[in-house]
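Colleague: Next one to model:
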Amino acid sequence: MSAGQKEQAMTIGQMLAAELKQEAGSIRKMLERLPAEKMSWKPHEKSMSLERLAGHVVEMMLWTNVTINADELDFAAMDYNPKTYTEASELVADFDKNLADTLEILNNAPNENMGNNWSLKNGEQIYFTMPKVVVMRSMVMNHIIHHRGQLSVYMRLLDIPVPSIYGPSADEGAM
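Modeller: Presented below is the predicted three-dimensional model:
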């Protein structure tokens with residue numbers, strides 16, 4: 001870089017994209033390992049099935065689009081029908097597509113947009129209104145990481161090898 005050039009800083013969206021891409025590696029490894037014959041299993045009657053939990057992690061990547069490109073999500077205005085999965089390969093394929101779409105959206109999100117307010121509501125009931133960057137970190141990214149943690153517990157209970165996440169797991173000693 002010449003003396004007159006200034007290095008361009010990453011945008012907020014690019015920083016979030018880099019973090020999400022890092023987190024996605026372990027999620028993908030988990031999805032790859034899910035056996036078809038265990039998709040209906042759940043650890044408790046109040047729990048989601050393995051398939052529904054894994055599908056939820058996959059679909060949550062799509063929440064980036066509505067967070068960045070809209071100003072609200074109104075449950076009353078949508079018809080939610082979660083996709084069902086029978087094979088790990090289907091989960092992985094959708095995850096890869098949703099992640100690619102999410103990374104593109106984040107990498108192109110202007111900083112000016114990230115401070116705009118976004119609301120989650122159900123008709124007239126407003127659950128919360130926060131800046132989009134806060135929604136991305138809390139409701140989208142932290143939520144995905146939370147459910148990845150649940151997925152790792154399901155895997156342990158089913159004796160499916162748990163991949164390394166932030167360090168070695170009991171099943172994978174090296175990163």
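
Colleague: show me where this protein has strands.
Modeller: Under the criterion DSSP state E, the chain contains strands at 72-74, 117-122, 125-131.

Colleague: Please name the residues that touch the nearest residue to E87 once chain neighbours are set aside.
Modeller: Nearest residue to E87, sequence neighbours excluded (Cβ to Cβ, 6 or more residues apart in numbering): A36, at 5.3 Å. C-beta here means a position set from N, CA and C on the backbone, and glycine is covered the same way. Contact analysis of A36 by Cβ atoms under 8 Å, 6 or more residues apart in numbering lists 86-88.

Colleague: Ends of stretch 101-117, what's the gap?
Modeller: Using Cα to Cα, to the nearest Å, the end-to-end distance of stretch 101-117 comes to 22 Å.

Colleague: list the buried ones in it?
Modeller: For stretch 101-117, the neighbour count (16 or more other Cβ atoms under 10 Å) marks 102-103, 105-106, 109, 113-114 as buried.

Colleague: Quick check: L20 vs H44, distance?
Modeller: Distance, L20 to H44, by Cβ to Cβ, to the nearest Å: 29 Å.

Colleague: Between the two, which is the more surrounded one?
Modeller: Set L20 next to H44 and count neighbours by other Cβ atoms under 10 Å: L20 wins out with 21 against 6.

Colleague: any weak-confidence spans in the chain?
Modeller: Low-confidence segments of the chain (pLDDT under 70): 1-7, 174-175.
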